[in-house]
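Student: here are the coordinates; sequence isn't available:
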């Protein structure tokens, strides 16, 4: 199943700011932990990290290229699933089943990429609106 929250936090971090992406990531992660998780804090940490990295990607990569966005979604999905698996292994003592994990990881990455391709024009329009609201039209401060 696709992880829509990874895409959401990634786009908030890309278009709003690194701080806002981290805050949204932690808030969404805590909500997921309270509703679904066995251990509170694992999703909060991983989604917060994705929001932080999205803010870093904002300054280094173009948001106009669909291929760049797809690479970011691929990397973010890979990172969050590997970290979730490792943290669950460390804190909850879940058995290591690498083959099943790789199958689930590859299916989730494919679903997230398909969802990103479908929703990209809508997310890009909303993202630029959010970017203008939060960052304003400060073109020179973006590069310095």
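Tutor: Good, I have the coordinates. As the structure is a computational prediction, the values presented were derived from the model and not from experiment.

Student: pLDDT weak spots in this protein?
Tutor: 37, 135-144 (pLDDT under 70).

Student: helices of that one, residue ranges please.
Tutor: Applying DSSP state H to the chain gives helices spanning 4-15, 18-35, 42-60, 66-92, 98-135, 139-143.

Student: list the contacts of residue 23.
Tutor: Residue 23 sits next to residue 51 when contact means Cβ atoms under 8 Å, 6 or more residues apart in numbering. For the C-beta atoms, the positions are set from N, CA and C on the backbone; glycine is no exception.

Student: again, but for the one 4 residues further on
Tutor: Residues near residue 27 by Cβ under 8 Å, 6+ apart: none.

Student: just to revisit the earlier point, need the winner for burial among the helices of the chain.
Tutor: The highest mean neighbour count among the helices of the chain, using mean count of other Cβ atoms under 10 Å, belongs to helix 4-15: a mean of 24.

Student: what sits up against that one?
Tutor: 20-22, 24-25, 28-29, 32, 47, 50-55, 57-58, 63, 72-73, 76-77, 80, 112, 115-116, 119, 123, 127-128, 130-131, 134.

Student: can you rerun that using 7 Å?
Tutor: 20-21, 24-25, 28, 32, 47, 50-52, 54-55, 57-58, 63, 72-73, 76-77, 80, 112, 115-116, 123, 127-128, 130-131 (Cβ atoms under 7 Å, 6 or more residues apart in numbering).

Student: do stretch 65-76 as well
Tutor: 6-7, 10, 50, 57, 61-63, 109, 112-113, 116, 120.

Student: likewise stretch 81-100?
Tutor: Stretch 81-100 is contacted from outside by 38, 39, 42, 46, 101, 105, 108, using Cβ under 7 Å, 6+ apart.

Student: tell me the two of the contacts of stretch 65-76 that are most distant?
Tutor: Largest separation among the contacts of stretch 65-76 by Cβ to Cβ: 62 and 109, giving 21.6 Å.

Student: make CSV from the contacts of stretch 81-100 and add distance to residue 91 to it.
Tutor: Formatted as CSV, these follow (distance: Cβ to Cβ, whole Å):
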residue, distance to residue 91
38, 9
39, 5
42, 7
46, 13
101, 16
105, 20
108, 21
